[in-house]
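Visitor: below is the structure, and that's it, no one-letter string:
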Ligand SMILES: Nc1ncnc2c1ncn2[C@@H]1O[C@H](COP(=O)(O)OP(=O)(O)OP(=O)(O)O)[C@@H](O)[C@H]1O
């Protein structure tokens, strides 16, 4: 059965003769890819394989039956691992020089039944082979690191896309504010966002919080102007039990405490009454809060982002805002321009809000040609908030799908000058190039206004999707605000 298992059936069984094993051992030693050299307990060379000669260039006759001491003395090998093994009575690995080749030599003792060393088997490897492998490993490690860094970068870009998802930034002015916000998000400096009501200061506060290391910690938003002055202190800093009538029995943590480890967004900071401003200044200086009715300061780790639509410098001059608090808040000021100052954002914002309403209410509304340019010249006193609301209102109240300028409230129509519109589309006073560009822009706008995807619009216009996207960029028609399938 065993014979069958091992494939000896019909063949000659291996001999038990010592010569047979000696031959077998020799062929095992010869078949090794590593160099093998065996010496006896006296340091006399016993056998050596061809790989040893291949690696070191030392011929068999220089080693076999020769005392290793003389081999070392003749400088054939730099030092003997065999003698080290014989001395230390254990396996030893050294780096050895054999005829100018650096090799890694591992010597291992062979023991007899009485515990004496009879031979030392030395296994050698060319270090240049190993160095080569090491280099390859390092190269492949460096390559892997590069790939990982690229993956990280891509992930970062993805995160940025996600972060900016829903934030339209087409104009240079808005892009600059976005880029400063993203930079400042990485550090803990106090930021003050300034700009008229409805320009998107809260949107920028979100960019800062979400881009910071505090992104998964609380983001507490306080509209300081909306909370009655007498309540604001206890809202911001909390109160101890029984500190005033109507207070919760257990006391209450303030918004600063709730924002611990995260970000607190102090909207309308210019509305904070003077007496509270002192307390806020202390918090910003010491980073600790004392609850109303309490004495014990509590340390807090909060990043402060403030916003105001007032002119704080003017308020300081009038004595309505503390100068020291102003400088504390004004570490990184970011001004968000009004919509009038960034007209390049108007068209993409309009499409963006109309798309949102269409999706939300399953509508199919689109702007009639001319509506966008009329709205571009509107003054937008209420900024983006006004635009968002008016587009939603017009989209849901009109019966027809094509939104006309006359569907907008009166102040928009008052602003709309049809003669001016005609002038805009009259090419008489223009050069050929300019007139062609105007027609091109008008045609693209009108296709896009029909709510078409860039692919469909490109088909209709008889150009490729990529050249449509290029042209949209050229005419500053936001590409991101449109659908691309
Ligand atoms: N760049 C933008 N892209 C898309 N939507 C925006 C953008 N900026 C603002 N909005 C939208 O406009 C509206 C008003 O923005 P937000 O509340 O941030 O303005 P604000 O400056 O903080 O106003 P206030 O001074 O009154 O607090 C919000 O619905 C917001 O989502």
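Guide: That came through, no problem. Bear in mind the structure is a predicted one, so any value in this text is a computation, not a measurement.

Visitor: run a quick neighbour tally on the residue nearest to residue 446 when sequence neighbours are not counted.
Guide: Closest residue to residue 446 apart from its sequence neighbours, by CB to CB, 6 or more residues apart in numbering: residue 369 at 4.5 Å. Every C-beta, even on glycine, is put in place using the N, C-alpha and C of the backbone. Residues lying near residue 369 (other CB atoms under 10 Å) number 17.

Visitor: how is residue 369 assigned, secondary-structure-wise?
Guide: coil (DSSP: H, G, I helix; E, B strand; the rest coil).

Visitor: for it, give its distance to the ligand.
Guide: Counting by CB to the nearest ligand atom, to the nearest Å, the gap from residue 369 to the ligand is 24 Å.

Visitor: these two touch, right, that residue and residue 447?
Guide: No - between residue 369 and residue 447 there is no contact under CB atoms under 8 Å: 9.9 Å.

Visitor: what touches both of those two?
Guide: Shared contacts of residue 369 and residue 447 (CB atoms under 8 Å, 6 or more residues apart in numbering): none.

Visitor: in the stretch 51-200 of the chain, which spans are helices?
Guide: Applying DSSP state H, counting those that start in this stretch to the stretch 51-200 of the chain gives helices spanning 68-73, 81-88, 127-164, 172-185.

Visitor: of all those helices, which lies closest to residue 440?
Guide: The minimum distance between residue 440 and the helices of the stretch 51-200 of the chain falls on helix 172-185, with 22.6 Å, by CB to CB.

Visitor: what's the closest one packed up against?
Guide: Counting contacts by 3 or more CB pairs under 8 Å, 6 or more residues apart in numbering; DSSP states H and E, helix 172-185 packs against helix 127-164, helix 201-210, strand 332-335.

Visitor: now the angle between helix 201-210 and that helix, please.
Guide: Orientation check (axes from the mean of the first three to the mean of the last three CA atoms, to 10 degrees): helix 172-185 against helix 201-210 gives 40 degrees.

Visitor: what is the helix or strand hosting residue 375 packed up against?
Guide: Residue 375 is part of helix 371-376 when elements are defined by DSSP states H and E. Secondary-structure packing of helix 371-376 (3+ CB pairs under 8 Å, 6+ apart): helix 346-361, helix 410-415, helix 418-425, helix 432-449.

Visitor: make a markdown table out of these and add mean neighbour count.
Guide: Converted to a markdown table, the helices and strands packed on helix 371-376 look like this (neighbours: other CB atoms under 10 Å):
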| stretch | mean neighbour count |
| --- | --- |
| helix 346-361 | 19 |
| helix 410-415 | 13 |
| helix 418-425 | 12 |
| helix 432-449 | 16 |
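
Visitor: quickly, which of those helices bottoms out on average pLDDT?
Guide: The weakest mean pLDDT among these belongs to helix 418-425, with a mean of 47.

Visitor: close to the ligand: what parts of the stretch 51-200 of the chain are there?
Guide: Neighbours of the ligand within the stretch 51-200 of the chain, by CB under 6 Å from any ligand atom: 166, 167, 168, 169, 195, 197, 198, 199, 200.

Visitor: next, count neighbours for residue 463.
Guide: 15.

Visitor: low pLDDT regions in this protein?
Guide: Filtered on pLDDT under 70, the chain yields the residue ranges 1-16, 149-165, 242-249, 414-431, 449-452, 478-485.

Visitor: spatially nearest residue to residue 382 (excluding sequence neighbours)?
Guide: That would be residue 198: by CB to CB, 6+ apart, it lies 5.1 Å from residue 382.

Visitor: just checking, that neighbour touches residue 349?
Guide: No - the pair residue 198 and residue 349 does not pass the contact test of CB under 8 Å, sitting 11.8 Å apart.

Visitor: overlap in contacts of these two?
Guide: By CB under 8 Å, 6+ apart, the residues touching both residue 198 and residue 349 are residue 384.

Visitor: how close does the residue of the stretch 51-200 of the chain found nearest the ligand get to residue 307?
Guide: Per CB to the nearest ligand atom, residue 200 is where the stretch 51-200 of the chain lies closest to the ligand, at 2.5 Å. Distance, residue 200 to residue 307, by CB to CB, to the nearest Å: 10 Å.

Visitor: before we move on, the earlier item: so which of the helices of the stretch 51-200 of the chain comes closest to residue 55?
Guide: helix 127-164 (8.4 Å).

Visitor: re earlier: show me what contacts the residue of the stretch 51-200 of the chain closest to the ligand?
Guide: 167, 336, 383, 384.

Visitor: surely residue 99 and residue 58 touch.
Guide: Yes - at 6.0 Å, residue 99 and residue 58 qualify as touching, with contact defined as CB under 8 Å.

Visitor: the more surrounded of the two?
Guide: A side-by-side neighbour count of residue 99 and residue 58, using other CB under 10 Å, places residue 58 first with 19 against 14.

Visitor: so which bits of the stretch 201-350 of the chain are right by the ligand?
Guide: Near the ligand, when you scan the stretch 201-350 of the chain using CB under 6 Å from any ligand atom, you find 201, 202, 203, 267, 309.

Visitor: can you do 8 Å?
Guide: 201-205, 223, 267-268, 307-309, 336, 345, 349 (CB under 8 Å from any ligand atom).
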